[in-house]
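A.B. asks: return atomic coordinates for the entry below.
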Amino acid sequence: MSNTVTNERLISLDVLRGFVMFWIMSGEHIFHALAKAAPIPVFVWMSSQLHHTDWNGITFYDMIFPIFLFVAGVSMPYSFEKKMNSAGVKTPMELPSKEKQKIYLSMLKRTCILLFLGCVVNGVLRFDGYDQTRFASVLGRIGLAWFFAGLIYLNFDLRKQLYWFIGILFGYYLVLKLVPVPNFGAGILTPDGSFSSYIDQQFLPGRLHSKVYDPEGLFSTIPAIATALLGMFLGTFLKGKNIFSANEKILIMLASALILIGIGALWHYDFPINKRLWTSSFVCFVGGFSILFFTFFYLIIDVLGFRKWAFPLLLIGSNSILIYMASEGLVNFKHTADFVFGGAISFLPLIWQPVFAAVSVTFIQLVLLYFLYKRKWFLKI
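C.D. replies: Next up is the predicted model:
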């Protein structure tokens, strides 16, 4: 194993982003179909992991969104490093005020674009009326959490960033456990009785995703900032110059992942792991698994140099926002795949037709992404 990794772009970040996006864009349908066509235990288990939990608890599908946000956090120190180099400073806090103002405006612009695109995915352009429009969104939460994590990164040193991380997790825990909700009381972590749900009901405009709460609501976006900060910590660690070898970095990441998973699992008994409330235990538990997934791809791709196998994931990760929006309803890939492959698939045994139909959708999506990749057309925000 190599003891050094070049300072070029971390290919593993794009691959990990592509890995988690694959399941959203069409991968889940392949394994749901496989579980029905060949109900062997591994396929059935994988299919069961590609559904959200009803409330408390966790599946792999619950991890996809926070892993994506975590990856955005990892990218942050690398993107800001270019601005620091051009300004001739070593830390973000040393940036001149005029340079920081430019960065703030750029960050605000990116956040506003993501908020708008999130509304587009939710169907705002259908103009169904204010009351029927859902303003909270996955892309909106990514934009907001990334923005506030970026403010913390630009204005505080690493020690104070850690204080922010711990303060957010414990502050959120204390509010949800101790602040009473009208007609329910304090510490009621149910869909309609939690403090986070109460804030959504009172202050989130438009339609809530689940009537009494929204999984991308206002108050539960605060702990999502901690998820972005976790990624930022990892990015800062990886960017460190000549402090640890690649082997040592991998061991430290593995140890950190196991510690976070342990903290999340223990905290679960008092503050349940819950994706919809984005509980502090959820942040720790999924943060640990995020580091584990990243470590795997980092070892295989950036350290050992085995990259060719991951090219399809790289295609997805390089244009992840575009394929996410397209897959959420802006493009009918199923219609195109059926037009191209439907005739051939109809000759297969009936039980296997849904499997190959789902695979054909993935193929059409990858063809589009390959076309965009070769022409260097990327939706960058």
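A.B. asks: quick test: name the residue nearest the centre of this protein.
C.D. replies: With the centre of the chain defined as its mean C-alpha position, the nearest residue by CA atoms, centre = their mean is Phe68, 2.0 Å away.
A.B. asks: does that one sit in a helix or strand, and which one?
C.D. replies: Secondary structure from DSSP states H and E places Phe68 in helix 60-87.
A.B. asks: what average pLDDT does that helix get?
C.D. replies: Mean per-residue pLDDT for helix 60-87: 90.
A.B. asks: begin at 58 from here
C.D. replies: OK, 58 is where the count begins now, so the last one is helix 117-144.
A.B. asks: pull out the buried positions in that helix.
C.D. replies: By 16 or more other CB atoms under 10 Å, the buried positions in helix 117-144 come out as 117-135, 137-138, 140-141. Where C-beta positions appear, they are placed from N, C-alpha and C, glycine not excepted.
A.B. asks: got the angle for the next helix or strand after that helix vs helix 117-144?
C.D. replies: The C-terminal neighbour of helix 117-144 among helices and strands, as given by DSSP H and E, is helix 154-178. Between the axis of helix 154-178 and that of helix 117-144 there is an angle of 150 degrees, by axes from the mean of the first three to the mean of the last three CA atoms, to 10 degrees.
A.B. asks: and helix 154-178, what does it pack onto?
C.D. replies: Applying 3 or more CB pairs under 8 Å, 6 or more residues apart in numbering; DSSP states H and E, we find helix 154-178 packed against helix 117-144, helix 195-212, helix 377-382.
A.B. asks: can you redo those helices as JSON lines with distance to Phe290?
C.D. replies: As requested, the helices and strands packed on helix 154-178 are exported to JSON lines (distance: least, CB to CB, whole Å):
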{"stretch": "helix 117-144", "distance to Phe290": "8"}
{"stretch": "helix 195-212", "distance to Phe290": "10"}
{"stretch": "helix 377-382", "distance to Phe290": "22"}
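A.B. asks: any idea how far Ala144 is from Leu295?
C.D. replies: Distance of Ala144 to Leu295, computed by CB to CB, to the nearest Å: 22 Å.
A.B. asks: any idea how far the closest residue to Leu226 other than its chain neighbours is from Phe428?
C.D. replies: Using CB to CB, 6 or more residues apart in numbering and skipping residues adjacent in sequence, the residue nearest Leu226 is Ser337, 4.1 Å away. Note on Ser337: its distance to Phe428, by CB to CB, is 43 Å.
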